[in-house]
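Enquirer: Need coordinates for the below:
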Amino acid sequence: LVVESGRLVGIFGFKDMMSRAIAKELPLDLTPVSTVMTPNPEAVSPDTTVMEALQIMHDNKFLTLPVCESNGSVIGIVDVMDCVYASGGAE
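Expert: Next up, the predicted model:
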């Protein structure tokens with residue numbers, strides 16, 4: 001997660017790294033995350049259910065979702081495997 005002044009401004013995940021940095025052969029030691037992150041990512045609230053989070057991830061092809069309070073403060077991140085385990089879908 002990329003956070004400025006306690007607010008979510010972007011996310012930099014595996015897909016960002018592979019498609020925006022590695023695939024373009026950018027020099028990783030010189031490339032700022034801000035240039036390859038996904039800006040203003042969709043986020044969920046702490047009250048979002050596991051099934052709702054899975055549906056959002058599926059519909060949008062996300063692997064992760066930031067979790068933010070209604071005031072925009074970041075409190076965590078959930079990834080697809082968290083949801084799979086929480087729903088009893090993996091041992």
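
Enquirer: Touching the longest helix along the chain from outside, list them.
Expert: Assignment by DSSP state H gives helix 50-60 as the longest helix of the chain. By Cβ atoms under 8 Å, 6 or more residues apart in numbering, the residues outside helix 50-60 that reach it are 42, 44, 48, 62-65, 78, 80, 83-84, 86-87. Where you see a C-beta, it was placed from the backbone N, CA and C, and this is true even at glycine.

Enquirer: Just the buried ones from these?
Expert: Using 16 or more other Cβ atoms under 10 Å as the burial test, these include 44, 62, 64, 65, 78, 83 as buried.

Enquirer: so how far is the strand or helix carrying the last one from its chain's centroid?
Expert: The secondary structure element spanning residue 83 is helix 80-86 (assigned by DSSP states H and E). Average the C-alpha atoms of helix 80-86, do the same for its chain, and the two points are 14 Å apart (Cα atoms, centre = their mean, to the nearest Å).

Enquirer: before we move on, what about stretch 67-85?
Expert: So, by Cα atoms, centre = their mean, the centroid of stretch 67-85 is 8 Å from its chain's centroid.

Enquirer: export it as PDB, just CAs?
Expert: These are the backbone C-alpha positions of stretch 67-85, laid out as PDB (Å, rounded to 0.1, in the frame of the first residue of the first chain):
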ATOM      1  CA  VAL A  67      -9.200  -2.000   4.000                       C
ATOM      2  CA  CYS A  68     -10.000   1.600   5.000                       C
ATOM      3  CA  GLU A  69     -12.200   3.300   7.500                       C
ATOM      4  CA  SER A  70     -15.000   5.700   6.300                       C
ATOM      5  CA  ASN A  71     -12.700   8.600   6.800                       C
ATOM      6  CA  GLY A  72     -10.100   7.100   4.400                       C
ATOM      7  CA  SER A  73      -7.600   6.000   7.000                       C
ATOM      8  CA  VAL A  74      -5.900   2.700   6.000                       C
ATOM      9  CA  ILE A  75      -6.300  -0.100   8.500                       C
ATOM     10  CA  GLY A  76      -5.100  -3.100   6.600                       C
ATOM     11  CA  ILE A  77      -5.100  -5.200   3.400                       C
ATOM     12  CA  VAL A  78      -6.800  -8.500   2.500                       C
ATOM     13  CA  ASP A  79      -5.600 -10.800  -0.200                       C
ATOM     14  CA  VAL A  80      -7.500 -13.400  -2.100                       C
ATOM     15  CA  MET A  81      -5.900 -16.300  -0.100                       C
ATOM     16  CA  ASP A  82      -7.100 -14.700   3.100                       C
ATOM     17  CA  CYS A  83     -10.600 -14.800   1.700                       C
ATOM     18  CA  VAL A  84     -10.200 -18.400   0.400                       C
ATOM     19  CA  TYR A  85      -9.000 -19.600   3.800                       C
END
